[in-house]
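*Asks:* need coordinates for the following:
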Amino acid sequence: MIHSATTPPPEGCIDTQVLDHVLLIGINRPAKRNGWTPRMFRELAEAYTRLDDDPALRVGVLHALGDHFTAGLDLPSFSELMKRGEKAYPQGLVEPNDLGTPGYRRRAKPMVVAVKGICFTVGIELMLAADIVVAADDCRFSQLEVQRGIMATGGATLRMAERAGLGNAMLHLLTADEFDSAEALRLHFVQKVVRAGEELDAALAIAQRIAAQAPLAVVATRLNTLRAVEHGPLAAMAEFIETQQRLARSDDAAEGVRAFVERRPARFTGH
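*Replies:* Numbers count the residues shown, from 1 in each chain. Okay, here's the model as predicted:
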């Protein structure tokens with residue numbers, strides 16, 4: 001189990017830890033059920049940017065310290081930012097919600113998320129913005145912004161309908177109800193449900209499996225899949241030949257052929 005090396009400040013923080021090619025990103029404000037503050041969001045954006053910018057890092061794993069993933073935004077600390085229409089982190093960083101907001105970068109490398117306990121509002125939106133989600137079987141989900149007089153603007157209104165269909169999205173967005181891990185799995189919001197306490201190990205195992213593949217091919221595959229979802233299959237197909245030519249000329253493609261011929265695991269370098 002991953003524990004923070006330091007006691008978090010009252011406004012919380014984001015812990016990072018490197019395990020080989022994986023960057024573990026820990027939400028650390030357990031005394032407040034990991035309620036998000038502006039500082040935490042700024043540090044999260046910095047961690048996501050570090051993942052993309054460090055060539056030694058290949059995959060991120062977002063997880064939480066304590067018993068819960070997050071109870072959502074600490075609304076008093078975000079109220080003025082919302083009124084001004086501002087984000088909690090500066091432009092030029094990777095946007096954790098991956099919305100393509102002008103002035104912010106979109107993440108290129110894969111992100112796996114381990115959720116547990118309470119996972120409300122921004123927690124759902126962060127996991128939907130990631131690539132693969134492992135949920136503990138004790139999760140309680142709720143997209144409850146309408147209960148607070150605001151709207152979900154971190155991606156839920158986009159991705160819930162995309163994953164689960166319009167009716168299922170409306171059911172949970174408009175009622176602010178709570179639903180469990182089985183329902184999240186049925187709706188394709190999460191990809192795997194495991195026993196509580198096993199979610200981080202399961203997410204890390206997936207991340208390590210991804211990290212063992214050719215990094216350039218992983219990024220290209222991820223981005224092409226997202227392009228198909230966001231812009232349609234024709235836009236994604238238009239990139240096939242150029243992307244495959246670029247990958248085929250890489251050192252890793254040559255290593256993939258050698259490993260195939262020699263019947264051994266490939267040793268990829270990301271070049």
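*Asks:* what's near enough to touch residue 224?
*Replies:* Neighbouring residues of residue 224 by CB atoms under 8 Å, 6 or more residues apart in numbering: 236, 239-240, 243. Heads up, the C-betas are built off the backbone N, CA and C, glycines and all.
*Asks:* sort out for me which of the residues you listed are in strands.
*Replies:* If you go by DSSP state E, the contacts of residue 224 have nothing in strands.
*Asks:* show me the strands in the stretch 1-150 of the chain, by range?
*Replies:* Remark: strands assigned in the stretch 1-150 of the chain by DSSP state E, counting those that start in this stretch are 13-19, 22-28, 59-64, 111-115, 118-120, 132-136, 140-142.
*Asks:* can you tell me which of the contacts of residue 224 are in helices?
*Replies:* In helices, judged by DSSP state H, the following of the contacts of residue 224 are found: 236, 240, 243.
*Asks:* only whichever of these are buried, select them in ChimeraX.
*Replies:* To isolate the buried members of those in ChimeraX, using 16 or more other CB atoms under 10 Å:
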select :236,243
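*Asks:* now pLDDT too, for the ones in helices among the contacts of residue 224, in JSON lines please.
*Replies:* Compiled in JSON lines, the ones in helices among the contacts of residue 224 are given as follows (pLDDT from 0 to 100):
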{"residue": "236", "pLDDT": "98"}
{"residue": "240", "pLDDT": "98"}
{"residue": "243", "pLDDT": "98"}
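*Asks:* which neighbouring elements make contact with the helix or strand bottoming out on mean pLDDT in the chain?
*Replies:* In the chain, the helix or strand scored least confidently by mean pLDDT, DSSP states H and E is helix 75-84, which has a mean of 83. Using 3 or more CB pairs under 8 Å, 6 or more residues apart in numbering; DSSP states H and E, the elements in contact with helix 75-84 are helix 38-53.
*Asks:* hang on, the earlier thing: which of the strands of the stretch 1-150 of the chain sits closest to residue 255?
*Replies:* strand 59-64 (18.9 Å; CB to CB).
*Asks:* got the angle for the closest one vs helix 38-53?
*Replies:* With axes from the mean of the first three to the mean of the last three CA atoms, to 10 degrees defining the directions, strand 59-64 sits at 160 degrees from helix 38-53.
*Asks:* got the contact list for the most centrally placed residue in the chain?
*Replies:* Centroid-nearest residue in the chain: residue 130, 2.7 Å away (criterion: CA atoms, centre = their mean). Going by CB under 8 Å, 6+ apart, residue 130 touches 62, 111-113.
*Asks:* follow-up on the earlier one: so which of the strands of the stretch 1-150 of the chain is nearest residue 220?
*Replies:* Among those, strand 59-64 comes nearest to residue 220, with 14.7 Å by CB to CB.
*Asks:* so what touches the closest one?
*Replies:* Strand 59-64 has contacts (CB under 8 Å, 6+ apart) with 2, 21-28, 30, 34, 47-48, 51, 70, 109-116, 126-127, 130, 199-200, 203-204, 207-208, 210-211.
*Asks:* and stretch 37-45, by the same measure?
*Replies:* So stretch 37-45 is contacted by 9, 11-14, 25, 27, 29, 74, 77-78, 81, 87-90, 93-96 (CB under 8 Å, 6+ apart).
*Asks:* same check, this time on stretch 201-209
*Replies:* By CB under 8 Å, 6+ apart, stretch 201-209 touches 19-20, 22, 24, 59-61, 63, 110, 112-114, 132, 134, 192, 194.
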